[in-house]
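Peer 1: Next comes the sequence, and after it the predicted model I'd like to discuss.
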Amino acid sequence: MILKALSRISTTTGDNSPLANLMKRYFIKSASGGVRPEKKAFSVPYKEALNPAQYDAVTTLEGPLLVIAGAGTGKTRTLTYRVARLVEEGIPPSIILLLTFTRKAAQEMLRRAAALLDHRCERIAGGTFHSFANLTLRRYAKKIGFQSGFNILDRADGQDTINLLRTRMGLNLKERRFPRKTTIATIYSRAVNKGAPIEEVILEDYPHFLKETTDLLRLYESYQAHKRENLLMDYDDLLIYLRALLQQNRDVQERLSQTYRYIMVDEYQDTNKIQSDIINLLAATHNNVMVVGDDSQSIYAFRGANFRNIMDFPAMFPGTRIIKLEENYRSTQPILNVANVVIGRAREKYTKVLFTQKKSSALPALVIAEDERMQSQFVSQRILELREEGVPLNEIAVLFRSSYHSFDLEIDLNQRNIPFVKVGGFKFMETAHIKDLLAHLKILANPLDTVSWHRVLLMVESIGPKTAEEIFQAVARSGTGVKGLATVRSKPRYARAFERLRKELESLDGNYLPLVEIGARLLRYYEPILEKKYDDYPKRAKDLEHLLTIMERYQRLENFLSDMALEPPNASVDDILATDYEDEQLVLSTIHSAKGLEWHTVFIIWVLEGRFPATYAARSDEEMEEELRLMYVASTRAKENLYFTYPINIYDRGTGMVFSRLSRFIEGISEDILEPWSLVNDHEHEDPQW
């Protein structure tokens with residue numbers, strides 16, 4: 001009302017009118033001439049909690065940002081504080097996307113950020129590339145010719161599907177050897193993740209199967225068609241279809257890009273070409289992308305990880321700011337001195353020098369052994385000494401390039417009664433009994449899931465592969481899902497068991513019972529099969545009970561099956577609740593499995609040319625560079641003590657060569673940085689000196 005009145009006065013009287021002259025004038029200043037707002041106060045003490053480089057990364061919020069995070073330099077802390085900073089700056093959590101390689105990592109970062117700030121941080125979209133792809137594709141499935149109710153094939157299911165199609169095509173009947181299902185699945189996945197033709201993967205990695213190339217290509221086409229016809233996607237499909245969705249649907253790409261205005265990616269050195277493309281497409285409207293990683297820890301090329309992604313990021317995103325995290329909070333300076341020399345030998349890298357406030361006079365040691373047996377004896381004896389000095393066994397790790405490198409050591413450890421755990425073996429979701437129960441649930445979710453039908457039907461006594469296929473085809477033709485079992489004319493030899501299965505599945509089909517109750521009923525059905533099928537069924541029953549506990553967290557079967565395929569639990573209950581092991585266990589691990597972990601003391605064995613680096617790495621400069629990065633990763637796992645060991649004059653039966661030269665990655669390092677130790681048998685010297 002006042003503004004309107006002033007407007008009328010101004011227009012009717014003019015500036016020189018008596019009334020206008022009587023009015024007090026108030027001039028609106030330009031923004032540049034105004035009083036500067038006070039510096040915003042933040043509830044999180046960012047500057048005090050972070051070192052200068054971390055603070056720089058946390059407070060750089062706009063534009064492309066590449067954070068090179070050296071080993072042990074607080075990468076997770078930096079990401080966590082940046083999440084809090086974004087939210088505290090007033091950016092809505094719903095437009096922030098955090099992509100990691102495990103769901104656990106994303107949840108932990110968001111939990112920590114919420115503890116720093118408040119619960120708003122937990123509303124950020126955080127998860128793996130595959131889980132993000134799954135959610136997005138279920139929303140836009142029709143855009144790529146799919147239905148939203150697709151099932152996800154885990155790796156074992158994908159292999160079983162390939163095997164089923166391999167049998168149908170008669171490729172299992174050839175006189176000459178045809179690759180097994182695991183090898184075939186690896187070839188296909190490697191081709192997808194590397195963005196390379198299948199023929200190229202066969203030529204480079206499986207040249208002994210070159211004669212099978214034509215049939216492998218035919219089988220691949222059959223596999224792709226089968227998945228589409230039966231509403232199935234494997235892990236690789238999730239990424240492939242997400243990229244296709246973004247590339248082929250401009251409206252969807254722009255909508256998602258506008259939705260996620262701030263993108264953060266962890267472990268960027270481990271991304272493949274498809275994941276890099278997805279990030280580029282999602283950032284198309286804003287370029288607010290922060291990627292964190294360490295080029296020196298890019299060691300998963302065999303999985304499709306592309307070293308070029310992190311090296312070429314500045315070229316992909318012009319104007320990229322690069323921040324290096326170099327202050328290490330894990331290792332002593334002598335350990336970092338060795339690591340710096342090792343990675344300094346890389347031909348292509350972002351140059352960085354790790355430093356720490358943790359001082360120590362103890363140098364890492366290079367231990368030369370006469371043979372493999374002496375190497376094992378040294379490691380075992382030194383471990384026992386460390387334990388007497390107060391270092392727990394679970395704070396000690398022995399790392400190696402290949403799994404077979406620890407075989408002799410394992411024998412020596414057993415002889416000395418030193419308990420150890422070796423990383424590897426079947427994971428919880430890969431065990432047969434868990435997959436048996438899940439197969440029944442998958443049928444309820446998707447009645448066209450061929451592999452699950454075969455698995456379930458082959459558990460019925462007296463039903464073989466041929467009969468299982470006939471029953472599945474009858475169910476598929478019926479178009480009524482599991483109710484199609486009623487159209488099957490069963491034979492006397494399996495009629496009773498088949499009828500039991502039919503009744504159980506039909507009673508659960510479309511039933512709105514809580515998910516855990518559906519699981520419990522299927523478990524009761526499965527228990528007699530479990531007892532007949534496995535001698536150790538009591539132990540396996542514990543795993544199945546644990547599965548029911550997991551199911552209690554879910555309301556929808558679709559969500560449960562998706563999570564079990566994308567982010568399965570890592571270990572069985574038997575592993576967790578084992579009572580026949582000591583609390584302390586030495587860790588034996590391949591270096592690939594040790595990435596991201598740390599121990600008080602680390603032994604790196606077999607640092608011998610021909611073993612580490614492996615002989616085959618000489619095929620290309622790229623492979624040799626990755627071997628070097630492996631040595632760097634291994635070295636930076638140690639906090640207080642680091643030992644490199646190698647035996648000399650080792651005869652290699654495979655090549656007919658004698659290996660005696662120290663690994664090129666360690667060779668020539670100054671004794672001021674890496675202290676040489678000689679081993680002496682106590683019967684040769686009264687007072688052995690290490």
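Peer 2: Done, it's in.
Peer 1: in the sheet, who's paired with Leu232?
Peer 2: Per DSSP bridges, residues listed as beta-bridge partners of Leu232: Asn151.
Peer 1: Make sure it is actually in contact with Leu153.
Peer 2: Yes: judged on C-beta atoms under 8 Å, Leu232 makes contact with Leu153 at a distance of 5.5 Å. (Glycine included, C-beta is placed from N, CA and C.)
Peer 1: Who are the contact partners of the closest residue to Asn394 other than its chain neighbours?
Peer 2: Nearest non-adjacent residue to Asn394, counting by C-beta to C-beta, 6 or more residues apart in numbering: Glu584, 5.2 Å away. When contacts are counted by C-beta atoms under 8 Å, 6 or more residues apart in numbering, Glu584 touches Pro392, Leu393, Asn394, Pro419.
Peer 1: so who does the third one touch?
Peer 2: I take that to be Asn394. Asp583, Glu584, Gln585, Leu586, Val587.
Peer 1: can those residues go into CSV with extra columns for pLDDT and secondary structure?
Peer 2: As requested, those are arranged in CSV below (pLDDT from 0 to 100; DSSP: H, G, I helix; E, B strand; the rest coil):
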residue, pLDDT, secondary structure
Asp583, 65, coil
Glu584, 84, coil
Gln585, 91, coil
Leu586, 94, strand
Val587, 93, strand
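Peer 1: buried subset of the residues you listed?
Peer 2: Among the contacts of Asn394, those buried by neighbour count (16 or more other C-beta atoms under 10 Å) are Gln585, Leu586, Val587.
Peer 1: okay, the residues you listed in TSV with distance to Leu530 next?
Peer 2: As requested, the buried ones among the contacts of Asn394 are exported to TSV (distance: C-beta to C-beta, whole Å):
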residue	distance to Leu530
Gln585	29
Leu586	34
Val587	32
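Peer 1: intersection of neighbour lists for Leu232 and Leu153?
Peer 2: Shared contacts of Leu232 and Leu153 (C-beta under 8 Å, 6+ apart): Thr161.
Peer 1: related to what we said a few turns ago, narrow the contacts of Glu584 to those that are buried.
Peer 2: Leu393, Asn394.
Peer 1: What about the contacts of Glu584, which are in strands?
Peer 2: Judged by DSSP state E, strands contain none of the contacts of Glu584.
Peer 1: closest to Pro314 among the contacts of Glu584?
Peer 2: Ranked by distance to Pro314 (C-beta to C-beta), the contacts of Glu584 are led by Asn394 at 41.1 Å.
Peer 1: returning to what we had before: of all the contacts of Glu584, which comes closest to Arg243?
Peer 2: Closest to Arg243 out of the contacts of Glu584 is Asn394 (41.6 Å), distances taken as C-beta to C-beta.
Peer 1: quick one on the thing from earlier: possible to save the contacts of Asn394 as a markdown table with distance to Arg103?
Peer 2: Shown next, in a markdown table, are the contacts of Asn394 (distance: C-beta to C-beta, whole Å):
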| residue | distance to Arg103 |
| --- | --- |
| Asp583 | 28 |
| Glu584 | 29 |
| Gln585 | 26 |
| Leu586 | 29 |
| Val587 | 24 |
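Peer 1: Any stretches of the stretch 101-250 of the chain with poor pLDDT?
Peer 2: 174-176 (pLDDT under 70).
Peer 1: just the helices in it please.
Peer 2: Assigned by DSSP state H, counting those that start in this stretch, the helices in the stretch 101-250 of the chain fall at 103-116, 129-140, 155-168, 181-194, 198-205, 213-229, 235-248, 250-259.
Peer 1: who does the shortest one touch, helix- and strand-wise?
Peer 2: Where contact means 3 or more C-beta pairs under 8 Å, 6 or more residues apart in numbering; DSSP states H and E, helix 198-205 is packed against helix 181-194, helix 213-229.
Peer 1: Pick the most deeply packed of these.
Peer 2: Mean neighbour count (mean count of other C-beta atoms under 10 Å) peaks for helix 181-194 among the helices and strands packed on helix 198-205, with a mean of 20.
Peer 1: now the angle from it to helix 198-205?
Peer 2: 110 degrees (axes from the mean of the first three to the mean of the last three C-alpha atoms, to 10 degrees).
Peer 1: Identify the residues contacting helix 181-194?
Peer 2: Helix 181-194 has contacts (C-beta under 8 Å, 6+ apart) with 155, 158-160, 162-163, 166, 179, 196-198, 200-202, 205-206, 209, 216, 219-220, 223, 235-236, 240, 272-274, 302-304, 306.
Peer 1: Show me how far that helix is from its chain's centre.
Peer 2: Chain-centre distance of helix 181-194: 17 Å, with C-alpha atoms, centre = their mean, to the nearest Å.
Peer 1: Just the buried positions in stretch 137-145, please.
Peer 2: Buried residues in stretch 137-145 (16+ other C-beta under 10 Å): Leu137, Arg138, Tyr140, Ala141, Ile144.
Peer 1: Is it correct that the first one is in contact with Ala244?
Peer 2: No: with contact taken as C-beta under 8 Å, Leu137 and Ala244 are classed as non-touching, separated by 9.8 Å.
Peer 1: What is the lengthiest helix in the chain packed up against?
Peer 2: Taking DSSP state H as the criterion, the chain has its longest helix at helix 515-533. When contacts are defined as 3+ C-beta pairs under 8 Å, 6+ apart, helix 515-533 packs onto helix 432-445, helix 495-508, helix 537-551, helix 557-566.
Peer 1: Quick check: mean pLDDT of the shortest one?
Peer 2: Regarding helix 557-566, the rounded mean pLDDT is 86.
Peer 1: can you confirm Val87 is in a helix?
Peer 2: Yes: assessed with DSSP: H, G, I helix; E, B strand; the rest coil, Val87 lies in a helix.
Peer 1: does it really touch His119, like I thought?
Peer 2: No: using C-beta under 8 Å, Val87 is not in contact with His119; the gap is 10.1 Å.
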